[in-house]
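> here is a sequence with its predicted model. Questions after.
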Amino acid sequence: MKKLLIIALMLVSGISMAFAQAEIKFDKVTVNFGTFSENNPVQHATFTFTNVGNQPLLINQVVASCGCTVPKYDKRPIAPGQKGSIQVTYNGKNKLPSHFKKAITVYSNGKVEMTRLYIEGDMTGK
């Protein structure tokens, strides 16, 4: 009887641990800079997110699709219910005036381990 009770408790705690997880939810996944001049090629965006899970959220890595896009993020754990942000700087200097769309990939310990964010816009000539 005692063994059965211990096995049942271990099973219940194992199941509840499997459902305990961090979960990242972004306010938006795309920022459109609109049209801006080559005279002002540096643009900034902030992507805000909330940990809607029930475990601390860790951002493991944030990778931009090219060197003209630089992400910055806080490496501290985000508690359940708390907000965090990822700042992205785009530098279009020495790029031909054109439309662009860049991807920023976020890797975390969340329920969905990879999320893709986007910045886009149109840079015009001088």
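On my side now, so go ahead.

> show me where this protein has strands.
For the chain, the strands defined by DSSP state E cover 24-26, 30-37, 42-51, 59-64, 69-73, 83-91, 99-108, 114-124.

> need those strands in CSV with mean neighbour count and mean pLDDT, can you?
C-beta here means a position set from N, CA and C on the backbone, and glycine is covered the same way. CSV is the format used below for those (neighbours: other CB atoms under 10 Å; pLDDT from 0 to 100):
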stretch, mean neighbour count, mean pLDDT
strand 24-26, 18, 97
strand 30-37, 14, 96
strand 42-51, 18, 98
strand 59-64, 16, 98
strand 69-73, 16, 97
strand 83-91, 17, 97
strand 99-108, 16, 97
strand 114-124, 17, 97
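
> please name the bridge partners of the residue nearest the centre of the chain.
In the chain, the centroid-proximal residue (CA atoms, centre = their mean) is Val106; its distance is 4.3 Å. As for beta bridges, Val106 partners with Val62, Thr115 under DSSP bridges.

> and Gln43, what does it touch?
33, 36, 89-90, 92, 119, 121 (CB atoms under 8 Å, 6 or more residues apart in numbering).

> closest to Lys102 out of the residues you listed?
Checking those against Lys102 with CB to CB, the nearest one is Ile119 at 5.2 Å.

> is the closest one in contact with Lys102, as I believe?
Yes: when contacts are counted by CB atoms under 8 Å, Ile119 is listed as touching Lys102 (5.2 Å).

> list residues touching both of these two?
Contacts common to Ile119 and Lys102, judged by CB under 8 Å, 6+ apart, are 69, 90.

> what about the closest residue to Thr69 other than its chain neighbours, distance to Val63?
Of all residues not flanking Thr69 in the chain, Lys102 sits nearest, at 4.6 Å (CB to CB, 6 or more residues apart in numbering). Per CB to CB, to the nearest Å, Lys102 is found 11 Å from Val63.

> ok, the closest residue to Thr35 other than its chain neighbours - contacts?
Setting aside the residues directly before and after it, Thr35 is nearest to Asp122 in space (CB to CB, 6+ apart), at 4.5 Å. Contacts for Asp122 (CB under 8 Å, 6+ apart) come out as 33-36, 98-100.

> cool, thanks, signing off.
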